[in-house]
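*Asks:* give me a 3D structure for the following:
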Amino acid sequence: MTLPGWLPPLIVAPFIGSFLGVLIRRLPAGQALAWERSRCDACGCVLKPAELVPLASFALQRGACRGCGARIGSFHPAVELAALVVAGMAVLAGMQGALLWLGCGLGWTLLALAWIDLEHFLLPDVLTLPLLLAGLATAAWQGAAMDAALGAACGFLGLTLVGLVYRRLRGHDGLGGGDAKLLAAGGAWLGLAALPGVLVAAASLGILFALAARRGAISATLAVPFGPPLAAAIWLAWLWPGLLPGG
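*Replies:* This next block holds a predicted model:
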């Protein structure tokens, strides 16, 4: 029996989410990603394979460690569920075959970057640069290498220039280098024409996030990570190219 093409990404997604959870926690802390066994945060006992099944283990154990009974935080199942949502969105957008897997890979990487930036104001090069290269490779496969290269260059240079102007006017950084690299990756995946719409959407989402964070009051000193809204805008533009202006 052959599985329908849309089903494997949905099956794999929670396991990808489990890895993303490890990456989100360990990467900013400089910890090893693959060589340390997963342990209970409370008692330190090594988790057995049956306790590492994404979503299912958390539900069967009722959110508690089998060894000490301590409550398990919702972080890991939340990331696993978010990864499943990403795959579901790619399926609903009508992607098929290799393009479906590429879209899921883009969405999962953007999810990790957004989560890390939200918690640490950090967009690690170890994620943004491979995402940029993957975008260029995907564009070359689709016969749009030049457009992707222009999009990547203009995305990086444009946001870098905005950051430099902001620093000159305000005397401190307003945008990090990671934001420029993320937009460069977005330009590689989406092409040059999509960048204005991505920036407008990201800025709008960032304002809404700031309003929600401060309950409607925004001050000049409020620090808001730009990575999450930028990642969301790139993801939406990839899923539905006509959704944003210039798509």
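
*Asks:* the strands in the chain, which residues?
*Replies:* In the chain, no strands are defined using DSSP state E.

*Asks:* where does it dip in pLDDT?
*Replies:* 1, 33-52, 57, 59-70, 170-174, 213-222, 245-247 (pLDDT under 70).

*Asks:* show me the domain layout of it.
*Replies:* 1-92, 122-247 (automatic domain parsing).

*Asks:* so can I have a markdown table of the ones you listed showing mean neighbour count and distance to L102?
*Replies:* C-beta coordinates here come from the backbone N, C-alpha and C atoms, glycine included. Listed next are those as a markdown table, based on neighbours: other CB atoms under 10 Å; distance: least, CB to CB, whole Å:
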| stretch | mean neighbour count | distance to L102 |
| --- | --- | --- |
| domain 1-92 | 15 | 9 |
| domain 122-247 | 18 | 6 |
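
*Asks:* just tell me which of those domains ends up closest to L106.
*Replies:* domain 122-247 (6.0 Å; CB to CB).

*Asks:* other SSEs contacting whichever helix in the chain runs longest?
*Replies:* Assignment by DSSP state H gives helix 145-170 as the longest helix of the chain. If contacts are counted by 3 or more CB pairs under 8 Å, 6 or more residues apart in numbering; DSSP states H and E, helix 145-170 sits against helix 125-141, helix 177-190, helix 195-213.

*Asks:* and the angle from it to helix 125-141?
*Replies:* Helix 145-170 and helix 125-141 are oriented at 140 degrees to each other (axes from the mean of the first three to the mean of the last three CA atoms, to 10 degrees).

*Asks:* distance to L27 added to the helices and strands packed on helix 145-170, as CSV?
*Replies:* Shown next, in CSV, are the helices and strands packed on helix 145-170 (distance: least, CB to CB, whole Å):
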stretch, distance to L27
helix 125-141, 7
helix 177-190, 13
helix 195-213, 22
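
*Asks:* now for the ones you listed, which one comes closest to G73?
*Replies:* helix 195-213 (21.5 Å).

*Asks:* quick one: the closest one to chain centroid distance?
*Replies:* 16 Å (CA atoms, centre = their mean, to the nearest Å).

*Asks:* keeping just the C-alphas, turn it into PDB.
*Replies:* Only the C-alpha atoms of helix 195-213 are listed here, as PDB (Å, rounded to 0.1, in the frame of the first residue of the first chain):
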ATOM      1  CA  LEU A 195      11.200  41.500  -0.500                       C
ATOM      2  CA  PRO A 196       9.100  44.800  -0.200                       C
ATOM      3  CA  GLY A 197       6.000  42.800   0.700                       C
ATOM      4  CA  VAL A 198       7.900  40.700   3.100                       C
ATOM      5  CA  LEU A 199       9.300  43.700   4.900                       C
ATOM      6  CA  VAL A 200       5.900  45.500   5.100                       C
ATOM      7  CA  ALA A 201       4.200  42.300   6.400                       C
ATOM      8  CA  ALA A 202       7.100  41.800   8.900                       C
ATOM      9  CA  ALA A 203       7.000  45.400  10.200                       C
ATOM     10  CA  SER A 204       3.200  45.200  10.600                       C
ATOM     11  CA  LEU A 205       3.400  41.900  12.500                       C
ATOM     12  CA  GLY A 206       6.200  43.300  14.600                       C
ATOM     13  CA  ILE A 207       4.000  46.300  15.600                       C
ATOM     14  CA  LEU A 208       1.100  44.100  16.500                       C
ATOM     15  CA  PHE A 209       3.400  41.900  18.600                       C
ATOM     16  CA  ALA A 210       4.800  45.000  20.400                       C
ATOM     17  CA  LEU A 211       1.200  46.300  21.000                       C
ATOM     18  CA  ALA A 212       0.300  42.900  22.500                       C
ATOM     19  CA  ALA A 213       3.400  42.800  24.600                       C
END
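
*Asks:* kind regards, and thank you for your time.
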